[in-house]
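**Student:** This is a predicted model, with the sequence first.
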Amino acid sequence: MKKFILLSFSILTVFQLSGQSDSLSQLSVRERNRAIQHLLDYRFRGGSGAFEKYLFEYVDYPTEARQKCIIGTTILIFTVDCDNNMSELRIRNPLHPKINDQLRQFYNATEGMWNHCEDQKYTRFEIPVLFIVGSTETTANAFIRYETEAEGMKCRSDAWHMEQYEKMKAKNKIKQALRNLDILIQRDPYNQTYYELKRGLLTNE
């Protein structure tokens, strides 16, 4: 049984994306989600809620991925210009081939469902989707959250992987330490702390 959790944020003030100068990775989670919602409400017919609902109609969380506790935030990056010409979808932080294929099918199916605009700053989209198994404890937070029940097992929390990273680092077991950091990065690719830890581990800082 799947749970589809739609994130909704009340827009008190209009938050505008400033084109190429501001990266979503530099924004707080709340700011990022508000910016995405505002952009989708403006450009996608039916708004951000319709976009999420339509995505869930196309995307399924594969059993294999759930059984292996493949959890993470996939980021959809694409452009729809003001005349509704769509660019090719790029998937940052891909999790599973089946998920990737379904996301591409969903994106292609949105052709003709976009509103016209007058300003190019409303044409670039970067939308994070979190795939999470059961009640796995994670600090990752995405605009869209796809939650499904566990397949008879409990997946490890972020805290557990961080603890393992610290233990392996103390024992100078670099590969094992990196493996746990990579899992955390896969879950939350916007968390700059993880990248700093990885850089320090690779440079022996």
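**Tutor:** In hand now; what should we look at? Numbering: from 1, shown residues only.
**Student:** now the most centrally placed residue in the chain: how far from Tyr42?
**Tutor:** For the chain, the residue lying nearest the average C-alpha position, counting by CA atoms, centre = their mean, turns out to be Pro128 (2.7 Å). Distance of Pro128 to Tyr42, given as CB to CB, to the nearest Å: 19 Å. C-beta here means a position set from N, CA and C on the backbone, and glycine is covered the same way.
**Student:** just to revisit the earlier point, number of residues surrounding the closest residue in space to the residue nearest to the centre of the chain that isn't next to it in sequence?
**Tutor:** Once flanking residues are discounted, Pro128 sits nearest to Ala142: 3.8 Å by CB to CB, 6 or more residues apart in numbering. The local packing of Ala142 (other CB atoms under 10 Å) involves 25 other residues.
**Student:** now swap in Glu31 and tell me
**Tutor:** The tally of other residues near Glu31 (other CB under 10 Å) stands at 13.
**Student:** go on, the one 5 residues further on?
**Tutor:** Number of residues near Ile36 (other CB under 10 Å) recorded here: 25.
**Student:** same check, this time on Asn180
**Tutor:** Using other CB under 10 Å, the number of residues around Asn180 comes to 21.
**Student:** got a list of what it touches?
**Tutor:** Residues in contact with Asn180 (CB atoms under 8 Å, 6 or more residues apart in numbering) are His161, Met162, Gln164, Tyr165, Met168.
**Student:** Next step: those residues restricted to helices.
**Tutor:** Counting by DSSP state H, the members of the contacts of Asn180 that fall within helices are His161, Met162, Gln164, Tyr165, Met168.
**Student:** contacting residues for the second one?
**Tutor:** The one in question is Met162. So, once contact is read as CB under 8 Å, 6+ apart, Met162 ends up touching Asn180, Leu184.
**Student:** if we go to 6 Å?
**Tutor:** The neighbourhood of Met162, defined by CB atoms under 6 Å, 6 or more residues apart in numbering, contains no residues.
**Student:** separation between the residue nearest to Asn115 when sequence neighbours are not counted and Lys98?
**Tutor:** Closest residue in space to Asn115, ignoring its immediate chain neighbours: Arg43 at 5.3 Å, by CB to CB, 6+ apart. When CB to CB is applied, the distance between Arg43 and Lys98 equals 28 Å.
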